[in-house]
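sequence plus the predicted model coming up.
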Amino acid sequence: MRAGVAAGHPATTEVGLRILAAGGSAADAAVAAVLASCVAESVLTGIGGGGFATYYDAASRTVTCLDFFCTVPGLDVDATPCPMVPIEVNFGTVPLAYSIGGASVGVPGVPAGCGELHRRWGRLPWPALVEPAAMLARSGVVLPAAQARTLAAVAPALLTGPGAASYAPDGHLLQGGDLLYHPGLHLALDALARAGPAVFYTGHIGSLLVETVRSAGGVIGPADLSAYQVLDLPVQRAELAGRRVFGPADLNRTIETVAGLPPEIATLPRPARAVAVAEAMRSHGRQKVGDTTNISVVDGEGNACVVTTTLGIGSGVWLPGHGIHLNSMLGEGELFVPGRTPGQRMSSMMCPLSVLDESGELVVAAGSAGASRIRTALVNTLIGVLVDGLDVPTAIARPRFHVVADTVHVEPGYPEDELLALSRAGYAIKRWDELSHYFGAASAVGRTSAAGDPRRGGVGRLLD
C-alpha cells in the first residue's frame, strides 16, 4: 500500500502530501488537510462545522470511528431561539429547502476532532499541522471550476452576512480560476496553532462565537462549548466481494446497504446488478444537499485516516474579523429532530470507510461528500474497485445513478441496457445532462492509485 492523499482541492491534497513527506502519520496529514480544506474548500466545509473520522491502525489491524459532529446548543439558557430564515438552493433541476441564521448553528466540532486525531495518532508537533492552512489563508487559493458551480448552487447561504464579499468581491460570483480569500481567517488559524483547539471552546474565539451566535438569534453559550467532547462510535462491518468494509452508522445506513447487496454481485449480469443495487438503496433514499468534503490519507506504514467534514449549507453567520462561517446543522430538516435536548449529538449521513482484505490489511480508504448522495458515491466506488477491478480514478469518475423513492437520477454515459432493466423494474429514469456535483464527491486511496472526484474538482496523488 503506497502512501497517498485524496481530497476535494489540489491545495488540500498538496498539504497532506507535504506532511507525509515530512514524516507525518496518516492522522497528521489528515488533520493538516482538513484545516487546509477549511481555507481552500470553504464553499463545502469549514472550521465552524463538524465531522467524522475512521482510522485504520496497520500494526493492530483495527478500525476506530470518531464522531466530532455538531451538538444541540442550549445548556446555558432556557431562551427560545429566533426563527430561522428559509432559503432554497438548486442542484440542477432539484430545488431543496433549508433554514439558516443564528438559530441554525450547532456547537462545532472540527477543531476538537482535529485535536483528538492528533492526540491519538499524530507524531508531528501540532503547530506544524496548522501552519500550512494559515499560509493558504494569508494568500488565498484558486477556486476550481467545479466548486464555482457548487458556489452558484448554494449562493443563497454563502452570500448572506459579511462573508459574502469573499464569494462575490465585485458583486459577481467568483468563477473557476478566481482567487478565493477570506480576510482574517489566518488570525483564527494562528490562534489555533498557538493555543490548540481549546481556543475555540474556552478561549477568546469561543467567547466571540457565543457573542456572535446570540446576536444573530441563536442560543450557543459557554457551557455548550466547554461540554463538547469527541465521541468514539461503534464500528459497523459489511462484506463485499470478499473484503470487509468498516465504518460508522449513518442516516443513509451505508454499511447496511453494502451488507444488503446480493452475495453473488460479482457474477450478476450488469443489468441485473443495477436493479439489485437500486433495490438495496431504495428504502433508504433521501434527497438533501449539503456543503461537505472528504479527505482520505494512507501513510507509509499502511495506516489510514479518512475524515469527512461539513458546514451543512452554511448559516450565513460569520465570526467578525476571523473569516469563519458557522454551520447550519439545526436548519437541516433531515438532521435536526425537534425535541432533542441541549448537549445531544446530532446524526449525519457522513460515512468515512476503511476496506480490509481477508488478512486484515488495507485495500482502500474512502469517503465522500454529498449528503444523501454520500452512500451513492461510496457504493458505486466500492463496486468499481472491489467488484469490477477498476483503479480508483476510473471507479470514481464513471457515471453513477442515485435512487430517490421510485426515481433513478442518472448521469450521462450510464449504460443503456442497465437503465432499461431499471425501467422494467418499475423505476422512473431522470436523465441529467452532465456529470454533476449533485451525485456526491468521493475521494479514495487504493493500493495502486488515489483520486478525488472530478465532479467537485477533487485531486488524489500518491507520495513519490
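Cool, got the structure. Numbers count the residues shown, from 1 in each chain.

now the helices for the stretch 251-400 of the chain?
Per DSSP state H, counting those that start in this stretch, the stretch 251-400 of the chain carries helices over the ranges 254-259, 270-282, 374-382, 392-397.

what does the third one contact?
If I follow you right, that is helix 374-382. Here helix 374-382 makes contact (Cβ atoms under 8 Å, 6 or more residues apart in numbering) with 240, 245, 250, 252-254, 257-258, 261, 277, 280-281, 284, 292, 308, 349-351, 353, 355, 364, 366-370, 392, 395-396, 398, 400-403, 439-442, 444, 453. In this view, the C-beta of every residue, glycine as well, is placed from N, C-alpha and C.

switch to 7 Å and redo it
240, 245, 252, 254, 257-258, 277, 281, 349-351, 353, 355, 366, 368, 370, 395-396, 400, 402, 439-442, 444 (Cβ atoms under 7 Å, 6 or more residues apart in numbering).

domain ranges for this protein?
Listed by automatic domain parsing, the domain ranges of the chain are 4-231+310-348, 236-285+358-439+448-453.

circling back: tell me which of the helices of the stretch 251-400 of the chain sits nearest to Pro222.
Set against Pro222 and scored by Cβ to Cβ, the helices of the stretch 251-400 of the chain come closest in helix 374-382, at 33.2 Å.

now the angle from the closest one to helix 270-282?
Angle, helix 374-382 to helix 270-282, by axes from the mean of the first three to the mean of the last three Cα atoms, to 10 degrees: 150 degrees.

distance between helix 374-382 and the chain's centre?
Relative to its chain's centre, helix 374-382 lies at 13 Å (Cα atoms, centre = their mean, to the nearest Å).

in stretch 218-231, which residues are buried?
Using 16 or more other Cβ atoms under 10 Å as the test for burial, stretch 218-231 gives Gly218, Val219, Ile220, Gly221, Ala223, Asp224, Leu225, Tyr228, Val230.

count the residues that sit near Ser423.
By the criterion of other Cβ atoms under 10 Å, Ser423 has 12 neighbours.

related to what we said a few turns ago, format the domains of the chain as CSV; extra columns: mean pLDDT and distance to Gly300.
Formatted as CSV, these follow (pLDDT from 0 to 100; distance: least, Cβ to Cβ, whole Å):
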stretch, mean pLDDT, distance to Gly300
domain 4-231+310-348, 93, 7
domain 236-285+358-439+448-453, 95, 12
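
now do the SS call for His409.
When classified by DSSP: H, G, I helix; E, B strand; the rest coil, His409 comes out as strand.

distance-wise, check the closest residue to Ala276 other than its chain neighbours relative to Val245.
Spatial nearest neighbour of Ala276, chain neighbours left out: Pro262 (5.2 Å); criterion: Cβ to Cβ, 6 or more residues apart in numbering. According to Cβ to Cβ, to the nearest Å, Pro262 stands 15 Å off from Val245.

who has more neighbours, the two?
Higher neighbour count among Pro262 and Val245: Val245, with 26 against 14, using other Cβ under 10 Å.

need the phi and psi values for the closest residue to Ala249 other than its chain neighbours.
Excluding the flanking residues, the one nearest Ala249 by Cβ to Cβ, 6+ apart is Gln236, at 5.6 Å. Backbone torsions of Gln236, given as degrees, to the nearest 10, read phi -90, psi 160.
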